[in-house]
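Asks: whatever this is, show me its structure:
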Amino acid sequence: MYGEAGADLLRELQRAAEFLVPFYNEENVARVVAEINGLCEETKRTFEEYKEGDSLQDPRVASSIAIHFAAVNRNIRCVLAYLHERLDRLKRIRWELGAVLPPYAQANTSDAEKTTYREYSKLLSTYMADVGIDLTRNLTPPKELDIKVRVLSDDVGEVETETGETLALAAGSEHLVRRTDVEQLIRQGQLEQL
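Replies: The predicted structure follows:
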């Protein structure tokens, strides 16, 4: 049936958690593109076959062309929605986790998506440097300036605070720190807010 591969792409995205980028389904995307090309060729053949006289006015021919045209448009919308949602998820990762694409996302993205992520990250970093503000720092307004955190990861080490002090973060230790100094580490899962 027309459009099943495109609908499968969207169902696959819907099943994945909202903040995860599922594996790029190159096979299904290729199937949708092949179906679009096949439908276009079939429509072209129909036009060529029935272009003489009033044959195109025949309801069977006109409905065949209309169905093919609708199926092509639906497939295009499905693929575009699939790619758009994947890019939105990658952008969300950039805003929430930083410039480095996490390993789980790297394994699930295509080469074109990785390139787009790098370019988007460069563009965002350049803009933030130009205006002098880290826009990714405070995605939600803080309720309090200082927070209590627990270190979850062994590889955090030392962190330099905004005031220039060095904060040693050992696994399992708890600290009372300014939110802005550790917000990125919390988003990366290396610290836990208590």
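
Asks: so what's Ile67 up against?
Replies: By CB atoms under 8 Å, 6 or more residues apart in numbering, the contact set of Ile67 is Tyr2. Every C-beta, even on glycine, is put in place using the N, C-alpha and C of the backbone.

Asks: and the next helix or strand past whichever strand or helix holds it?
Replies: Ile67 is part of helix 59-97 when elements are defined by DSSP states H and E. The helix or strand immediately downstream of helix 59-97 is helix 103-108, counting by DSSP H and E.

Asks: now for that following helix, which elements pack on it?
Replies: On a contact count with 3 or more CB pairs under 8 Å, 6 or more residues apart in numbering; DSSP states H and E, helix 103-108 meets no helix or strand.

Asks: let's see that with 10 Å instead.
Replies: helix 59-97, helix 111-131 (3 or more CB pairs under 10 Å, 6 or more residues apart in numbering; DSSP states H and E).

Asks: buried ones in the helix holding Ile67?
Replies: Residues 61, 65, 68, 71-72, 74-75, 78-79, 82-83, 85-87, 89-90, 93-94, 97 are the ones in helix 59-97 that count as buried (16 or more other CB atoms under 10 Å).

Asks: out of the helices and strands packed on helix 103-108, which gets nearest to Glu144?
Replies: Distance to Glu144, taken as CB to CB, is lowest for helix 59-97 among the helices and strands packed on helix 103-108, at 20.6 Å.

Asks: what angle separates that closest one from helix 111-131?
Replies: Orientation of helix 59-97 against helix 111-131 (axes from the mean of the first three to the mean of the last three CA atoms, to 10 degrees) gives an angle of 50 degrees.

Asks: now do helix 59-97: distance to the chain's middle.
Replies: 15 Å (CA atoms, centre = their mean, to the nearest Å).

Asks: ok, stretch 43-53 next?
Replies: Centre-to-centre, stretch 43-53 and its host chain are 41 Å apart (CA atoms, centre = their mean).

Asks: quick one: mean pLDDT over that stretch.
Replies: If you average the pLDDT over stretch 43-53, you get 76.

Asks: in it, what's buried?
Replies: Quick answer for stretch 43-53 (16+ other CB under 10 Å): 43, 46, 50.

Asks: the last one reaches Ser64, doesn't it?
Replies: So the one you mean is Tyr50. Yes: using CB atoms under 10 Å, Tyr50 is in contact with Ser64, at 9.3 Å.

Asks: which residues do those two both contact?
Replies: Residues touching both Tyr50 and Ser64 (CB atoms under 10 Å, 6 or more residues apart in numbering): Asp58.

Asks: any regions of the protein where pLDDT drops low?
Replies: Screening the chain residue by residue with the criterion pLDDT under 70, one finds the ranges 1, 53-56, 138-143.

Asks: just the ones in strands from the buried residues of stretch 43-53, please.
Replies: Within the buried residues of stretch 43-53, no residue falls in strands by DSSP state E.

Asks: and of these, the nearest to Gln193?
Replies: Thr43 (57.6 Å).

Asks: for that closest one, give me its contacts.
Replies: Thr43 makes contact with 64-69, 71-72, according to CB under 10 Å, 6+ apart.
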